[in-house]
Each structure stands twice: as structure tokens, then as C-alpha cells.
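[1] Fold the following.
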Amino acid sequence: MNVRVASLGLALCACSGAGDTARREDAVRDTGPMVVVNMIPTMFGDESIWNPEPTLAVNPVDRGVMAASAFILGTDVCHNADVSPILVSRDTGSTWSLVCKLPSPGLAGLAPPDVVLRWGSNGQRLYAAFIWGSRAHPGALNVYATDDVFSPDPMQLLTQHDVVDQPDLLVLPYRGHDRVIIAASFKDSMPRTAALLWADDPQPGMAFARVQLERREIGGQNYAVRVAGHASGRVYALFNGVPAVLDSSPTDFLDIAVVRDDSAGSSTPPYAALREMRTAASSSLCPIGDQRVGVRVARCRPFPDNAYGAGFGYQRRLPVLLSIATDPTDTSGRRVYVAWCDSSTSNRLTLTLAKSSDAGQSWRTLQTIPDATNPSVAVDSIGRVGLLFQQLGGDSVQARWITRLLVSRDDMRHARSWVLADTPALVSLLRQQPYIGDWIELHARGREFLGVFSAANMPDTAHFPNGITFQRAVFADRPLLRVRTPVDTGVVANQVPPSIDPFFFRVGTVEAASCAALRKRTTAPVPDPGTQPERVQDPVRRQMARIGCL
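    Residues are numbered from 1 along each chain as shown. Purely as a prediction, here's the structure:
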């Protein structure tokens, strides 16, 4: 049977503004539930492998349709060993099923790593970027697309590129096209450096342009690049690098840098809008103010590399731990948020959230969180900042991973906090490293925050204080049970060992009756978040925008 635990109600503050304030408050006053769902479908409930590093794609036109990925091995559910599954939902994440979509020839018992999914602006085409190589091309970047995410047909190849790490994917509507941007650490040349590929409305075999993002000498590689776009056409990229001057140190050091382009990458030169300003005095070891492209938000931050020790919940990884998001309510795209992790204090890892109000030129720290990893930041359609992360709690004997969401409308001076999961951090599960993966994802869709994370899947309701839905079969609120090949009628014999699973969550408002009635009267597409009401063409959509329904 499935375990379903009632979720707690969520009270959200009404927004305020000029004009239709009273009606806008009415539109958002109703509160809705928090939904947390274990994403492994019932028919796949016998699996006990490691499923970390989920990503989520929210359809921009139909909010009920979503696609997600994680390390999921599909050899026993897909029709052959050359295709791997993704997860899909038709009901805003309440239930999930598997669809075999990712071509991965010669699967041989491995799941495609570093998968990221994003929708095109019309909500029909789904893009995927992931790493899958061969002997001739190990670690190759693969970019695929499909126009029917629910069909059994595999995605169609758009392009490949040798040797990348930690790709990120952005699809940005720009001048009547979908600009598809894949950012990553490219290892096909030295230094192994932050760069991106891009193309407009890419078709199979189309050439992608390549842009170098890192302009400084670095001592290693950039590990990861994260990219965010804005309806104005501004695109930001965030990456970390190893300062060359400290490359010989036994401690890893990071520079956290931001670059920007104001024409979706079409500027000449591209991604050169931000330069460090000259500084009169700075450290001789880690000088700043070199006037080169890319503002360093953090400089020479230490990151002791003991990635595989048990002291941090089997989890201490340098490569990613980055997030960036723009504010859709700022029509100019100047307001942007970044988050990263380092070890600049006595804590084992410190998460920092920072904000820029001048398009990335200067930065102000909003929040630091000790012993935390996997940050993800997003901003909703009324300007609230959401920060999702996983924090190590408990003690050395009973350490726990606490997955937490903070939501604030005043730069984290006050924030509402929800615990999504509180799971064991040192239980020796069947696993690889890192224990809960290198990243999680938070998205904003209107006034909803939606996201995915990975955690231990032991179905104990005490681990999920805001409720949980398991699609897997469970018994008496504790063990997972086999569903396809039961050994016998005994519970013990049919238990599935616990493992790391992907989880989906949704936090948001229930739409007011007035909004629901208006929505039924129009088939016009949903405008981009932050679009001014007077710029919306459809009169019904314009009315919805005025009263805060969109």
C-alpha cells in the first residue's frame, strides 16, 4: 500500500502594490498545502540503487506538466539497454511515472550522469543535456530534444561535444527564438575552463557557437558553471575556479566569479559586461581589482578536500555547490542572487547567499548557514526569494541531513522555514559518493516554489515533518516492500533495502476562485514572469496580471 500523510497548511503573505492592491491580496490570500513526494514510481519500487542529483523542468505553459531526472538505471524497465528513463508528471508533481527517453548506447548497468532537463518556451519541446561517452569520446556532452515527452520514442540528438563536467542548461526566449545555452567546465583544452555552447532553435546537426567565460589564469579547472536568464535578455553565469597562485597549496581554494551578457550572448565580445573595478590596495597573495572580465564575488576561499570522509555525512564535494537566479519582478534584470559553499570559517562547510542590485557589479551578503551544502536559489513572481539547501544536523553519532526551504520577501531579515526531510546522514546505505549528490534544484512558477532533492528513502513519517507521499509500496510506516517479484507473503522476506531516492516538493497558494474563473475564459499562453500587465496582449490575461493571478 502507499503511505500518504496529510500535509500541513501553508500560510503565505499577501503581496502589496499600487492600483489593484485589495484585489491582488484576495487573489493570493488562500493558502495551499506543502506536497512532498517520493518520485520512484510503484512499478519501479523494487529498485535499491543510488538515485541522487535530481533536476526538474517545469512546463512554462501547462503548470501541471513536469519532467525530472536523477541517476536512474532503466535496464529492467526500458525496452533495451540503450535507453534510460526520465520521470514525468501530468498532475503538478503529485504522481510520477517513468518514460524511456535518454539514448545511452552500451548502457552496461550505468545510469547517465549529470542529466539536466529544461522546457522550451512554448511548453512542447523538452531539452536534455547529460554526459555519456564511449571509448573514443569519454565524458562527452550530449544534447537531445523531444517534442513529445510522454511518447515511448527516445529523444533526438542535437549535438555532442567532447569532455565536459557538470553541464547546466538554459532555454531563454530571445527575439522570437528559443536560445538554448549549455554551460559547463570544458576539459577538451587547457586550462579546463568555464565556457558555454549556444544555438537558436537548434535542430539535429546544427552547429552550436562556443563562448569562453573564464578570462583569467586558473590553477585547475572550473568544476561547474551555473547560468540564469532574464526576460530582458540578460544572461548571467556563475562559476568557480582555482586561483593559479595557490595551486600548489595542500588546501583547495576557490574564486567565485560572475559574468554577464546583456543580449543573451550576442554582444561583442560576449559575456564581457562585468569587469572588476580597480582596487587601491589588496592582498599580495590574492590580489583583487584586476579590471578583467568577471566580478569575483568571493576570492581565494578555502575548501579543504576530504570529499569521502564520514565527518560531513559522507558528503564533502568541491565541484558544484553553486546557484544563481534573477528576479522576474525587476524588469531590467539588474537584481540577481547567487549562493555558494566554502570553508572560510571553522565550520566544515558554510553556505553563503548574496545579492546584487546593480547587475552583478557589487554584492551584499544576505545569509550564511553553517554546515550546509547543495544550495539552490529562486525568485517567485512577487519577488520572494527562496533558498533550498541541505544542512548537517545532529551529532557525530546520529548525524542527519536536514533539507530545508527558506522563503523571504525582505532579503532574509525575516524568513519562513520549512523542513522537507530530516534523514540519517551516516547510515551505510548501498551508495556511491557523494551520499546525497552534488546538487538539488529549486524553481519558482508564479507564486509557487517547486523543487527536487535526494535523501534516504526510509519511509518513517518522523523523517518528513510536513508530510510525505510514497509511490513505492510500504508497510506499517517503515519498510519498503517489493511490488513485482514478492518472495512470499511475509513482510520481512519482501523488504527492499533503503537507498537514496529523488523527492519532489511543492509549496504555494491555492488559486482564488476569481482567478480560476478568469483562467477558464482564455487560452492565451502564460506571459513570462515579470511581464507588466499593460504589455500582456490578451485582455483576460491582462486582468489576471493586474489582480495577481499569474
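[2] hey, let's count contacts and neighbours off CA atoms from now on
    Fine.
[3] Which strands or helices does the helix or strand hosting Thr403 pack on?
    Applying DSSP states H and E as the criterion places Thr403 in strand 400-408. For strand 400-408, the elements it packs on are strand 385-393, strand 416-424, judged by 3 or more CA pairs under 8 Å, 6 or more residues apart in numbering; DSSP states H and E.
[4] Would you agree Leu110 is in contact with Leu73?
    Yes - contact criterion CA atoms under 8 Å: Leu110 and Leu73 qualify, at 6.4 Å.
[5] higher neighbour count, these two?
    Leu73 (23 against 16; other CA atoms under 10 Å).
[6] The more buried one is in contact with Ser104, isn't it?
    No - taking CA under 8 Å as the definition, Leu73 is not a contact partner of Ser104, at 10.6 Å.
[7] Common neighbours of these two, please.
    Ser84 (CA atoms under 8 Å, 6 or more residues apart in numbering).
[8] and Ala209, how many neighbours?
    With other CA under 10 Å as criterion, Ala209 counts 11.
[9] would you say Phe130 is within a strand?
    Yes - Phe130 forms part of a strand when assessed by DSSP: H, G, I helix; E, B strand; the rest coil.
[10] Let me see the contact set for the residue nearest to it when sequence neighbours are not counted.
    Nearest non-adjacent residue to Phe130, counting by CA to CA, 6 or more residues apart in numbering: Val115, 4.3 Å away. Shown in contact with Val115 (CA under 8 Å, 6+ apart): 54-55, 69-71, 128-131, 167.
[11] Check Asn142 too.
    So Asn142 contacts 128-132, 157-161 (CA under 8 Å, 6+ apart).
[12] and the gap between it and Tyr223?
    Using CA to CA, to the nearest Å, Asn142 is found at 18 Å from Tyr223.
[13] Same question for Ile440.
    Between Ile440 and Tyr223 the computed distance is 16 Å (CA to CA).
[14] Have a look at the two and say which one is more surrounded.
    Ile440 (27 against 24).
[15] per-residue confidence at the more buried one?
    Among the per-residue scores, Ile440 shows a pLDDT of 96.
[16] now swap in Arg23 and tell me
    Arg23 carries a pLDDT score of 32 in this model.
[17] Tell me the buried residues in stretch 87-94?
    Buried positions in stretch 87-94, judged by neighbour count with 16 or more other CA atoms under 10 Å: 87-90, 92-94.
[18] can you put those residues in TSV and add distance to Leu480 and pLDDT?
    Shown next, in TSV, are the buried residues of stretch 87-94 (distance: CA to CA, whole Å; pLDDT from 0 to 100):
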residue	distance to Leu480	pLDDT
Leu87	20	97
Val88	22	97
Ser89	22	95
Arg90	25	93
Thr92	25	90
Gly93	21	93
Ser94	19	93
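[19] Can you add distance to Val171 and secondary structure and give those residues back as TSV?
    Shown next, in TSV, are the buried residues of stretch 87-94 (distance: CA to CA, whole Å; DSSP: H, G, I helix; E, B strand; the rest coil):
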residue	distance to Val171	secondary structure
Leu87	20	strand
Val88	19	strand
Ser89	20	strand
Arg90	21	coil
Thr92	21	coil
Gly93	21	coil
Ser94	25	coil
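[20] which one among the residues you listed gets closest to Arg384?
    For the buried residues of stretch 87-94, the closest approach to Arg384 (CA to CA) belongs to Thr92, at 20.8 Å.
[21] which residues sit in contact with the nearest residue to that closest one once chain neighbours are set aside?
    Distances taken as CA to CA, 6+ apart put Gly64 closest to Thr92, at 4.0 Å, once the chain neighbours are dropped. Listed by CA under 8 Å, 6+ apart, the contact set of Gly64 reads 89-93.
[22] low-scoring stretches of the stretch 1-150 of the chain, by residue?
    1-33, 75, 80, 107-108, 134-138 (pLDDT under 70).
[23] Strands of that one, start to end?
    Using DSSP state E, counting those that start in this stretch, the strands of the stretch 1-150 of the chain run over 9-10, 32-38, 55-58, 66-69, 83-89, 97-103, 116-119, 126-131, 141-146.
[24] what comes up buried for stretch 116-128?
    Buried-residue list, stretch 116-128, by 16+ other CA under 10 Å: 116-121, 123-124, 126-128.
[25] I'd say Lys101 and Asp148 touch.
    No - at 10.0 Å, Lys101 does not count as touching Asp148 under the criterion of CA under 8 Å.
[26] which of these two has more neighbours?
    Comparing Lys101 with Asp148 by other CA under 10 Å, the one with more neighbours is Lys101, at 25 against 13.
[27] Tell me which of the strands of the stretch 1-150 of the chain lies nearest to Asp262.
    strand 116-119 (21.6 Å).
[28] how about that closest one as CSV, C-alpha atoms only?
    In CSV, the C-alpha atoms belonging to strand 116-119 read as follows (Å, rounded to 0.1, in the frame of the first residue of the first chain):
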residue,chain,number,x,y,z
VAL,A,116,19.7,18.3,-16.7
LEU,A,117,16.2,19.0,-18.3
ARG,A,118,14.6,22.2,-19.5
TRP,A,119,11.5,23.1,-21.5
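[29] Starting from it, tell me which strands it pairs with and how they run.
    strand 126-131 (antiparallel) (DSSP bridges).
[30] Outside of the partner strand itself, which residues are in contact with it?
    112-120, 139-149, 164-165, 167-169, 182.
[31] And for stretch 439-448?
    For stretch 439-448, the surrounding residues in contact (CA under 8 Å, 6+ apart) are 53-56, 58, 63, 320-321, 374-382, 386-389, 449-454, 506-509, 529, 550.
[32] Tell me where the stretch 151-300 of the chain has strands.
    Using DSSP E, counting those that start in this stretch, the strands found in the stretch 151-300 of the chain span residues 156-161, 164-174, 177-186, 193-200, 209-212, 225-229, 235-241, 252-261, 295-303.
[33] for the ones you listed, which one ends up most surrounded?
    Most buried of the strands of the stretch 151-300 of the chain, by mean neighbour count (mean count of other CA atoms under 10 Å): strand 235-241, with a mean of 28.
[34] Centre of the chain to that one, how far?
    15 Å (CA atoms, centre = their mean, to the nearest Å).
[35] Same question for stretch 423-431.
    Relative to the mean C-alpha coordinate of its chain, stretch 423-431 is positioned 23 Å out (CA atoms, centre = their mean).
[36] Over to stretch 119-128?
    Distance, centroid of stretch 119-128 to centroid of chain: 16 Å (CA atoms, centre = their mean).
[37] so which of the contacts of Val115 comes closest to Pro302?
    Distance ranking of the contacts of Val115 against Pro302, using CA to CA, places Pro167 first at 23.8 Å.
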